[in-house]
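Enquirer: Provided below for reference: sequence and predicted model.
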Amino acid sequence: MNADFRDGYASVPLSNWPDKRASAAICYLDASVRARPNLTVISGATATGITFDGRRATGVTAEVAGQTREFTGREVIVSLGGIHSSAMLMRNGIGPAAHLREHGIVVRADLPGVGANLSNHSLLFIGFH
């Protein structure tokens, strides 16, 4: 499913238990990870922007319980999936300069590949017992 892209069939790889889906939090944020002093888990937060010091990303802004909060760090990792990562970067001035300017966005970095060549996996799911 994830390595050989010829036509064919296979069972779908899912991170599931019989009664529920195994989320990234369940699979990766075990008790030892949650105990790290450099990790804070905040539920119900929506990332709204990236903060910068010049051209260097220094953190993110997020809506948490109806309030805007800023979180800073030595390293900023944008991990919102193929579509939303590109959208977040472009909304914050990182992407194809001409396209950003068309939308009135100040260009921080002209990176033409951001948001380009996106595609979805073509799959047909057939379930049976």
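Expert: Thanks, I have it.
Enquirer: ends of stretch 37-51, how far apart?
Expert: With Cα to Cα, to the nearest Å as the measure, stretch 37-51 spans 23 Å from end to end.
Enquirer: pLDDT of it, averaged?
Expert: Averaged across stretch 37-51, the pLDDT comes to 92.
Enquirer: If you count neighbours, what's buried in it?
Expert: Neighbour-count burial for stretch 37-51 flags Ile50 (criterion: 16 or more other Cβ atoms under 10 Å). Just so you know, the C-beta spots here come from the backbone N, C-alpha and C atoms, and that holds for glycine as well.
Enquirer: Give me the contacts around that stretch.
Expert: Stretch 37-51 has contacts (Cβ atoms under 8 Å, 6 or more residues apart in numbering) with 25, 29, 33-34, 57-65, 68-70, 72, 76, 78, 80, 88-89, 91-92.
Enquirer: 7 Å - rerun?
Expert: With Cβ atoms under 7 Å, 6 or more residues apart in numbering as the test, stretch 37-51 has contacts from 29, 33-34, 57-65, 70, 72, 76, 88, 92.
Enquirer: how much space is there between the residue most central in space within the chain and Ala98?
Expert: For the chain, Leu80 is the residue whose C-alpha lies nearest the centre (Cα atoms, centre = their mean; 1.2 Å). From Leu80 over to Ala98 the distance is 23 Å, taken as Cβ to Cβ, to the nearest Å.
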